[in-house]
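Novice: okay, predicted coordinates and the sequence, questions at the end:
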Amino acid sequence: MIALPAHGFVMLSMPKCASTTLVTSLKGHAEILMRVNPKLKHMNCRTFTKRMVPVLAGAGYQRSDYELVTLYREPVSWLESWWRYRQRPALAEKNDGKWTGEVSFEEFVVAHIEGRPGAINGRQARFVSLDDTLAIGVDRIFALERPDAWQGYIDRRLGREVEVVTKNWSTSQALPELSPDTRSRLTEHYRAEYDIWQHLLDNDGEWAPPQGYVPGG
């Protein structure tokens, strides 16, 4: 989470969506910066609303003074990034079922869909939601794959061009293949995620959801 309320926005750091890049690029402008503890760094919309909105209000920033924004990634690419991240040799030594060095992408996706122990249990739609209905609580969403959209937004808010330092960020289009059955299951499982993604495709990588919008409904 990177709070720049004096510049009119707070950016939530969606996991696997250039969070290290944004921290490195914006740390000199931020009033509050969460960058080490994953639970703070990747604070979701629900937690921000409950915990941080009162903190900012106490400092004189009302919720209407800033936009809550985040980056968002094509759903399969987001999962693929997690799969590759978990291939790190260090995870193999932990023996906690999270290492994917000997797990195919197909197996990884099926485990995620079925909620198996050790599988990725987060979802992008939940990250941007206010409650279990998946009602979106952020004000603006940007497609990671369209840096022209989110970099332009940041530049306008800061009133200057900001050099974005790329670290640990890949948006490779060469994604592993999924079987037709698994892809169909994932598409159904990710109805909300694909709804959001389609809005981003239809709006040049930037979308301001209507208040209370429930994706995939």
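Specialist: Received it, and whenever you're ready, just let me know what you need.

Novice: from here on, just use CA atoms for contacts and neighbour counts.
Specialist: OK.

Novice: need the contact partners of the lowest-mean-pLDDT helix or strand in the chain.
Specialist: Lowest by mean pLDDT, DSSP states H and E among the helices and strands of the chain is helix 89-94, with a mean of 83. With Cα atoms under 8 Å, 6 or more residues apart in numbering as the test, helix 89-94 has contacts from 98-99, 101.

Novice: which residues of this protein fall in strands?
Specialist: All strands of the chain, identified by DSSP state E, fall at 2-4, 9-12, 32-33, 67-72, 140-143, 206-207.

Novice: low-confidence ranges, this structure, go.
Specialist: 165-173 (pLDDT under 70).

Novice: ok, back up a step: select from the contacts of helix 89-94 the one having the most neighbours.
Specialist: Trp99 (22 neighbours; other Cα atoms under 10 Å).

Novice: test my guess that it contacts Trp82.
Specialist: No - between Trp99 and Trp82 there is no contact under Cα atoms under 8 Å: 10.5 Å.

Novice: rewinding a little: which one of the strands of the chain lies closest to Cys45?
Specialist: Ranking these by proximity to Cys45 (Cα to Cα) places strand 9-12 first, at 7.4 Å.

Novice: next one: that closest one to chain centre, how far?
Specialist: 12 Å (Cα atoms, centre = their mean, to the nearest Å).

Novice: what helices or strands is it leaning on?
Specialist: Strand 9-12 sits against strand 2-4, strand 67-72, with contacts defined as 3 or more Cα pairs under 8 Å, 6 or more residues apart in numbering; DSSP states H and E.

Novice: closest one to Ala174 among the ones you listed?
Specialist: strand 67-72 (18.4 Å).

Novice: from what I can see His42 touches Ser13, true?
Specialist: Yes - using Cα under 8 Å, His42 is in contact with Ser13, at 5.1 Å.

Novice: pull up the overlap in contacts between those two.
Specialist: Joint contacts of His42 and Ser13 (Cα under 8 Å, 6+ apart) are Met1.

Novice: those two: which is more packed in?
Specialist: Between His42 and Ser13, counted using other Cα under 10 Å, Ser13 has the larger neighbour count: 28 against 22.

Novice: measure the more buried one to Val55 for me?
Specialist: 18 Å (Cα to Cα, to the nearest Å).

Novice: ditto for Glu206
Specialist: 28 Å.

Novice: more crowded one of the two?
Specialist: Glu206 (22 against 14).

Novice: quick one, what contacts the residue lying closest to that one once chain neighbours are set aside?
Specialist: What sits nearest to Glu206 in space, not counting adjacent residues and going by Cα to Cα, 6 or more residues apart in numbering, is Phe142, at 4.6 Å. If you count contacts by Cα under 8 Å, 6+ apart, Phe142 has them with 69-72, 149-150, 200, 205-207.
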